[in-house]
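1. Dropping a prediction and its sequence here:
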Amino acid sequence: GDSVTQMEGPVTLSEEAFLTINCTYTATGYPSLFWYVQYPGEGLQLLLKATKADDKGSNKGFEATYRKETTSFHLEKGSVQVSDSAVYFCALSDQHSSNYQLIWGAGTKLIIKP
Amino acid sequence: DTGVSQNPRHKITKRGQNVTFRCDPISEHNRLYWYRQTLGQGPEFLTYFQNEAQLEKSRLLSDRFSAERPKGSFSTLEIQRTEQGDSAMYLCASSLDYYEQYFGPGTRLTVT
């Protein structure tokens, strides 16, 4: 079945450092790919998405490119802030399935130190 | 629109008791999903509705779990005879057809 694998955390960086969180997927269909973020004590928020190969999703300085050849959707940010500390989830949804349920990675906790 | 809301935010119950959670989706969204999330894991799909019809249930959803969405608006998730293994965050999400899902804040269940 479909699956998502993300790098294990926690990832600890200093403020203004460059961030990469790796995400790879396995899917039989044509998935859409998502990054969600969960701040402490809050619900999941959609951070960015890409619906087809070579699409780049971007939001709040974060970017991720849908790479079909490497089945990857790595999350990047050029200069992180303390306020970016959260858990980041990579997920996919196969638009050719019947219910578009989201298949999730285990999450990567990001800690940014001032 | 205030987004997806869930009540209660926290629930502590004793093993064997029944609990019911409520989810109010974004008003124009026709799809509603329930997920369960345990500590350190991503959410797991439980069930989903298109309007008032419950179209799919995960194998994770035992017979003790039941969900409804009368009139295609709010939804309830009931757990009967709770067990300690039911302790988790229960998440509700809504979407308009196949577009992105928007999540509520979740209901954290603790079974003692």
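-> All right, it came through fine.

2. only C-alpha atoms for contact and neighbour calcs from this point on.
-> Will do.

3. Which residue, neighbours along the chain excluded, lies closest to residue B:22?
-> residue B:76 (4.5 Å; Cα to Cα, 6 or more residues apart in numbering or on different chains).

4. The strand or helix carrying that neighbour - contacts with which helices or strands?
-> Element membership of residue B:76, judged by DSSP states H and E, is strand B:75-79. In terms of contacts (3 or more Cα pairs under 8 Å, 6 or more residues apart in numbering or on different chains; DSSP states H and E), strand B:75-79 is packed against strand B:19-24, strand B:65-68.

5. quick one, what contacts residue A:72?
-> A:22-25, A:65-66 (Cα atoms under 8 Å, 6 or more residues apart in numbering or on different chains).

6. for it, which residues make a bridge with it?
-> Taking DSSP bridges as the rule, residue A:72 bridges to residue A:24, residue A:67.

7. Pop out the phi and psi values for residue B:71.
-> The phi/psi pair for residue B:71 (degrees, to the nearest 10) reads phi 60, psi 10.

8. what's the spacing between the closest residue to it other than its chain neighbours and chain A?
-> Distances taken as Cα to Cα, 6+ apart place residue B:52 nearest to residue B:71, at 5.6 Å, with adjacent residues excluded. When distance is defined by Cα to the nearest Cα, to the nearest Å, residue B:52 is 14 Å away from chain A.

9. Pull up the pairing partners for the strand holding residue B:76, direction included.
-> Sheet pairing of strand B:75-79 (DSSP bridges) gives strand B:19-24 (antiparallel), strand B:65-68 (antiparallel).

10. could you give the angle of the next helix or strand after the longest one to strand B:19-24?
-> Past strand B:19-24, heading to the C-terminal end, the next element that is a helix or strand (DSSP H and E) is strand B:31-37. For strand B:31-37 and strand B:19-24, the angle between their directions (axes from the mean of the first three to the mean of the last three Cα atoms, to 10 degrees) works out to 140 degrees.
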